[in-house]
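Novice: would you be able to build a 3D model of this:
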Amino acid sequence: MAMLGLSTESRTIERFWRMLASTHANLWNAEGIARSMGMTRKTINRYLDFMEGAFLIRRLMPYSVNIPKRLVKSPKIYLRDSGILHAFKDTATLAQLMDDPQVGASWEGFVIEQIIAATQENFRPYFYRTQQGAECDLVLERNGVVEAAIEIKLSTAPIIGKGFRIAVEDLKAKRAFVIGKVNESYPISELITVCDLASFLDRFLPEFG
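Specialist: All right, here's what the predicted structure looks like:
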């Protein structure tokens, strides 16, 4: 890290990595992490800024445009490389990964990275969450319009919760998708389609233009 411009002890950086790995796909809580590491909030945020600038983590911001509801304002944090995530969680085998309570969060981060990479900056990515529990893992916005609201489930038979349906309505999304580990794509309403990641990238994403 010193070679990239962050001058601090390697043990401190490793602790910070492990903290990030344990909170992957969760809301950023600088105060809590600073307390755990015995540092100031300003220092912890500086570390995060550095890692974001080095393309090591993704800070996904909440969508809040023209939404008359109480919204979550903190960003969500993802380690962009799932291999690094698993290394800092000491996950060495597929069996360990599947037994990890965070396996769904790992899948979520992986899917988000693949989609953002495929959009080639044509969309702005966000997430959406209200204080009342409506939420959506990924929002793809372009020119003020939500082109797609996306929920990500590590399941062969994903269940669509009420919170996602409300989020789709709040966002006035043109399309909505639930990306899971399914074998075939299928609609569950006029707006919502269940599909796998490959189908979303190869079939549905190009339809947005």
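
Novice: confirm residue 42 sits in a strand?
Specialist: No. Under DSSP: H, G, I helix; E, B strand; the rest coil, residue 42 sits outside any strand and is assigned helix.

Novice: longest helix in the protein, by residue count?
Specialist: helix 103-119 (DSSP state H).

Novice: pull the CA atoms of it into CSV?
Specialist: The C-alpha trace of helix 103-119 is given here as CSV (Å, rounded to 0.1, in the frame of the first residue of the first chain):
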residue,chain,number,x,y,z
VAL,A,103,-22.1,-16.1,0.8
GLY,A,104,-25.2,-14.2,-0.4
ALA,A,105,-23.3,-10.9,0.1
SER,A,106,-20.4,-12.3,-1.9
TRP,A,107,-22.7,-13.2,-4.8
GLU,A,108,-24.4,-9.8,-4.6
GLY,A,109,-21.1,-8.0,-4.9
PHE,A,110,-19.9,-10.2,-7.8
VAL,A,111,-23.1,-9.6,-9.7
ILE,A,112,-23.0,-5.9,-9.2
GLU,A,113,-19.4,-5.7,-10.5
GLN,A,114,-20.3,-7.7,-13.6
ILE,A,115,-23.3,-5.5,-14.4
ILE,A,116,-21.5,-2.2,-13.9
ALA,A,117,-18.6,-3.4,-16.0
ALA,A,118,-21.0,-4.4,-18.8
THR,A,119,-22.9,-1.1,-18.8
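
Novice: what residues sit buried inside it?
Specialist: Neighbour counts using 16 or more other C-beta atoms under 10 Å place 105-113, 115-116, 119 of helix 103-119 among the buried residues. C-beta coordinates here come from the backbone N, C-alpha and C atoms, glycine included.

Novice: that one - contacts with which helices or strands?
Specialist: Contacts defined by 3 or more C-beta pairs under 8 Å, 6 or more residues apart in numbering; DSSP states H and E place helix 103-119 against strand 57-60, strand 76-79, helix 82-88, strand 124-129, strand 135-142, strand 145-152, helix 197-199.

Novice: the last one - what's its average pLDDT?
Specialist: This points to helix 197-199. Helix 197-199 comes out with an average pLDDT of 96.

Novice: which residues are contacting that helix?
Specialist: Residues from elsewhere that reach helix 197-199 (C-beta atoms under 8 Å, 6 or more residues apart in numbering): 111, 114-115, 179, 185.

Novice: okay, the residues you listed in a markdown table with distance to residue 139 next?
Specialist: Output for the contacts of helix 197-199, formatted as a markdown table (distance: C-beta to C-beta, whole Å):
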| residue | distance to residue 139 |
| --- | --- |
| 111 | 14 |
| 114 | 16 |
| 115 | 11 |
| 179 | 14 |
| 185 | 20 |
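
Novice: closest to residue 90 out of the residues you listed?
Specialist: Using C-beta to C-beta, residue 111 is the member of those that lies nearest residue 90, at 23.0 Å.

Novice: contacts only, for that closest one.
Specialist: With contact taken as C-beta under 8 Å, 6+ apart, residue 111 is in contact with 138, 152, 179, 197.

Novice: let's go with 10 Å and repeat that
Specialist: Contacts for residue 111 (C-beta atoms under 10 Å, 6 or more residues apart in numbering) come out as 137-138, 150, 152-154, 179-180, 196-197, 200-201.
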